[in-house]
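Engineer: Need a 3D model of the sequence below.
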Amino acid sequence: MIGHIYILILLSYHRKQISRIMVYFDANHIHRDIVQAKEKYNIITKTGQFMVLYSLGVSPTGVYWEAYMFHIIVNPQSSAGRGKSKWEKIESHFRKSGAAYKVHYSSPTNSIEKICEELTSGNEECTLVILGGDGTMNAVVNGIRDFAHTKVGFIQTGSGNDLVKGLGISKDIETLVDSIMRNEVVRTCDIGRVTYHNQSSLLDSFTHRPLAPLGSGRQALDKDPHREPGTVRLFNISAGIGFDAAVCQEADGSYLKSLLNKLRMGKLIYITEAIHMILASPMVGMKITCDGFTYLKPRTLFAVAMNTCYEGGGFKFCPDAVNTDGELDLFGANDLNRMNFFRIFPTAYGGSHMRFKGLFADKGKRIQIRSAAPLWVHTDGEVLCKSSNITIDLYPHKLQLIV
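Structural biologist: Here you go, the predicted structure:
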């Protein structure tokens, strides 16, 4: 029996492109969905969408499938500037799949946060496929505006791989693309949130150069009610204050970083700065409150709240941390012999460091940290400012991953 294929194309004026393609092999199914769509049509037209119907002659089977537009976001600067060339090698897998996709390249004037904000602000289903590293994914989670309607695929092309390692995400391209093409959520992850109750020494997130403070010509654009303008950053992996953040800040501002990255020795800059900062970082008094229980630490080197078990290039500071348990794992060092730190660091790769004196750990939903002096604060290794008063907790929404 000869019938028709019915193709329903949903176009979005908001994003100036195809939003969804639905293919039907049964007229009853398409009639049903058109009726349902018409019930929503008044809502749909408010976001500037319309539908177009085509038909082609073929044999019906009584089922239908959906094809989605995948938004590929590439950080060309990832992996020491090899991000774009890596995507060009990966793109053949997407071409073979026949999937509809659009590529977005980040730049100094079109940041990853800005791209993600524009793509996820339309109250529409959206699938992002991210190529980059831990820093790229940090920008993604801070850019997404509608977590409920956004799915994320992640292909590791950056130098930082703590997120991939912590979640056990495959590094095999064919496996990742197959998972992405199914466009099904395979894990929902907790998202950490840092609230800065004061800020100083603000840095630009792209150049890592000093910024003018809020109120002197710089305005925050965050419209999320859960994130007050200019005071909050989200994270996937960890957020820390003190030594570990100072290492990140020094490394990001180092002229050697780009050179070592080109030589594929990027981790060396962090090891070098870690040795430098273990001798130079101040030990200051901290008042740390975890779910109502307060620690008074008179000489704290650093404190970190972790959502996954790895940070800083493979250090397993919190071996039991998982981003699905609704809690954050706390780790820190207080009144530590600086030279003893060189004995502790190697054991942290395997997570066997807690036997050393001067380390502390806890677990909770809300962690408040006050320090006697402003210290650098990082989220997933990205440093934006100093603070002496922060709160770290979990964001109300989850990150939906399709890998």
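Engineer: for this protein, what are the low-confidence residue spans?
Structural biologist: Scanning the chain for pLDDT under 70 picks out the ranges 1-68, 79-81, 204-230, 253-270.
Engineer: Count the neighbours of Asn110 for me.
Structural biologist: Neighbour count for Asn110, taken as other Cβ atoms under 10 Å: 12. In this view, the C-beta of every residue, glycine as well, is placed from N, C-alpha and C.
Engineer: so what's it bridging to?
Structural biologist: Here Asn110 sits in beta bridges with Ser107, going by DSSP bridges.
Engineer: Spatially nearest residue to Asp320 (excluding sequence neighbours)?
Structural biologist: Nearest residue to Asp320, sequence neighbours excluded (Cβ to Cβ, 6 or more residues apart in numbering): Asp329, at 6.5 Å.
Engineer: element containing the one you found, please.
Structural biologist: According to DSSP states H and E, Asp329 maps onto strand 328-334.
Engineer: In terms of secondary structure, what does that strand contact?
Structural biologist: Applying 3 or more Cβ pairs under 8 Å, 6 or more residues apart in numbering; DSSP states H and E, one finds that strand 328-334 contacts strand 284-290, strand 293-306, strand 359-364, strand 382-394.
Engineer: Would you tell me which of the ones you listed gets closest to Thr272?
Structural biologist: With Cβ to Cβ, the closest approach to Thr272 among the helices and strands packed on strand 328-334 belongs to strand 382-394: 16.9 Å.
Engineer: Dump the closest one to CSV, keeping only the CA atoms.
Structural biologist: Provided in CSV are the C-alpha atoms of strand 382-394 (Å, rounded to 0.1, in the frame of the first residue of the first chain):
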residue,chain,number,x,y,z
GLU,A,382,38.4,29.6,36.9
VAL,A,383,39.3,32.6,39.1
LEU,A,384,37.2,35.8,38.9
CYS,A,385,37.9,37.6,42.2
LYS,A,386,39.0,37.6,45.8
SER,A,387,36.6,37.3,48.7
SER,A,388,36.7,36.9,52.5
ASN,A,389,33.1,35.7,52.8
ILE,A,390,31.5,33.0,50.6
THR,A,391,28.7,30.5,50.8
ILE,A,392,28.9,27.3,48.8
ASP,A,393,25.7,25.2,48.2
LEU,A,394,23.8,23.4,45.5
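Engineer: ok, back up a step: parallel or antiparallel, list what pairs with the strand holding Asp329.
Structural biologist: When sheet partners are counted by DSSP bridges, strand 328-334 sits next to strand 293-306 (antiparallel), strand 359-364 (antiparallel).
Engineer: Would you tell me which one of these is buried the most?
Structural biologist: Of all these, strand 293-306 has the most neighbours on average by mean count of other Cβ atoms under 10 Å, namely a mean of 20.
Engineer: ok, back up a step: run the angle between the strand holding Asp329 and strand 382-394 for me.
Structural biologist: Here strand 328-334 points in a direction 120 degrees away from that of strand 382-394 (axes from the mean of the first three to the mean of the last three Cα atoms, to 10 degrees).
Engineer: circling back: indicate which one of the strands paired with strand 328-334 is closest to Arg82.
Structural biologist: strand 293-306 (28.8 Å).
Engineer: can I see the domain layout of this protein?
Structural biologist: Following automatic domain parsing, one finds the domains of the chain at 3-62, 68-184, 192-395.
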